[in-house]
Every structure is written in structure tokens, then in C-alpha cells.
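Engineer: generate coordinates for the sequence data below:
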Amino acid sequence: MPISHLWFRLRRSATELSKDCRGVAATEFVMIVPLMLVMFFGVVEFSSGVAVDRKVTLVARTLSDLTSQSISVTDTDLSNFFAASVGILTPYSASPTQSTLTELYVDPTTHQARVQWSKASTFNSSGNVVLSTSTHLPGDIVTIPTALVVDGTYLIWSEVKYTYVPTIGYVMAKTGVALSDLTYTRPRQSTCVMYKTAVCTTF
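Structural biologist: Residues are numbered from 1 along each chain as shown. Predicted coordinates:
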């Protein structure tokens, strides 16, 4: 075969190959799908995280609000408050939730907020409230917003911590994202909310 004829056939084959679009869609699909999946799951996980963060805020507000409506509370009452407030997290799991309820007294002499009583709670694998000793001990000084420093008054302080673990975990942190919020509420029915006392304490 003459070299010129062979060269002509090679050029024609190259031209036909460049015009052949078969398989282009499949190639584009393979390149784009991973990016689309990452974006999709990223949006889903981020949206769920925002929703949970909002619920954590509502839990903190509900917890302090329920407590502030009482004149006195017992461990049973506190367990019910913790359980009722965390119900807001539905349909998300309540087991990663850590909540703390604390009553503060603003000392008129030092103008500082001191812990009167404090109780913490977690949820076990069965979804039941487990009360525990708080890290805030009676007499401890707590820094609160300046606007809330009113001498001789009491405050109900609720803290909520929640670890949001993404379902997929490939886009956001696999180990989870720490969410938290806190709320201060003044007692509504009495000067203070008593816990295991018959009078308002002033540590």
C-alpha cells in the first residue's frame, strides 16, 4: 500500500474519531455525579444541623421557662422538665443531650451571681432521664450578662449541649458538631424556686 494512501486513511480515521460523540454523555455523567452527590448530601446535612441547632435553643428556653413557673421543685419535677423539654428534639435522638438547670442569686453586697442549687441530666440509651450532680456547686460565682445583674433577685439558668452527628458524615465532621445554648429566666410565681429547702437561700 502506498504511503500516501496509508496517510490518507489515518487522517480520515482521526477525523471520524474526533467527530464521534458516542459515550460523551456517559463520561460527563461519571465526572459530574460525584460532585452532585457531595453537594446534595452536604445541603441535607447542613440543613439538618441548622434545624437541630434551632431545636437546642428551644430546649434551653423551654427548660428554664418550665422551671421558673414553679414555687418549689423536686427531683421528680426536674426529671419531668428535662424530659418534656428534650421532647422538642423529636425526630432527632435525645441521647446526646446534656442539660443543666441552675438557680442563681445576685448578691446585693458583691453584685455577683452565686449558685443556689444546680442539677444536671443526660439521657440513657433507653431514652430515660438520668439526673446527676452538676459541676456548678452552691456558692460558686457565675458571670452573667450585665443587664441581668439586679441585686437581691434570682435567676433560673438553663444550659443545653447537644452533639449533632451527621447521617452520612462525608461532608461534615464525622465525629459530630457540638451545639449549645443557654437561657436566663426570672421566677414567675415566687421570689425564687426552692429545691430541697423551705425558704429562699442566699449563698
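
Engineer: close enough to count as contact, E103 and W157?
Structural biologist: Yes. With contact defined as Cβ atoms under 8 Å, E103 reaches W157; the gap is 7.3 Å. Any C-beta I mention is one placed from the backbone N, CA and C, and that applies to glycine too.

Engineer: may I see the buried residues of stretch 43-62?
Structural biologist: E45, G49, V52, K55, V56, T57, V59, A60, R61, T62 (16 or more other Cβ atoms under 10 Å).

Engineer: and the residue nearest the centre of the chain, how close does it get to V56?
Structural biologist: Geometric centre of the chain, nearest residue: L179, 3.4 Å, by Cα atoms, centre = their mean. Noted for L179: a distance of 5 Å to V56, by Cβ to Cβ, to the nearest Å.

Engineer: the lengthiest helix in the chain packs against which elements?
Structural biologist: Counting by DSSP state H, the longest helix found in the chain is helix 24-68. Contacts defined by 3 or more Cβ pairs under 8 Å, 6 or more residues apart in numbering; DSSP states H and E place helix 24-68 against helix 75-86, strand 98-106, strand 154-164, strand 177-185.

Engineer: redo these as CSV? Include mean pLDDT and distance to T143.
Structural biologist: As requested, these are exported to CSV (pLDDT from 0 to 100; distance: least, Cβ to Cβ, whole Å):
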stretch, mean pLDDT, distance to T143
helix 75-86, 91, 24
strand 98-106, 96, 10
strand 154-164, 95, 11
strand 177-185, 94, 12
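
Engineer: can I get these in a markdown table including distance to T135?
Structural biologist: Output for those, formatted as a markdown table (distance: least, Cβ to Cβ, whole Å):
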| stretch | distance to T135 |
| --- | --- |
| helix 75-86 | 16 |
| strand 98-106 | 8 |
| strand 154-164 | 10 |
| strand 177-185 | 14 |
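
Engineer: which stretch among these comes nearest L131?
Structural biologist: helix 75-86 (5.9 Å; Cβ to Cβ).

Engineer: got the angle for that closest one vs strand 98-106?
Structural biologist: 120 degrees (axes from the mean of the first three to the mean of the last three Cα atoms, to 10 degrees).

Engineer: next, the buried residues of helix 75-86.
Structural biologist: Buried-residue list, helix 75-86, by 16+ other Cβ under 10 Å: L78, S79, F81, F82, S85, V86.

Engineer: redo those residues as a markdown table? Include distance to V115.
Structural biologist: Formatted as a markdown table, the buried residues of helix 75-86 follow (distance: Cβ to Cβ, whole Å):
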| residue | distance to V115 |
| --- | --- |
| L78 | 15 |
| S79 | 20 |
| F81 | 18 |
| F82 | 18 |
| S85 | 20 |
| V86 | 23 |
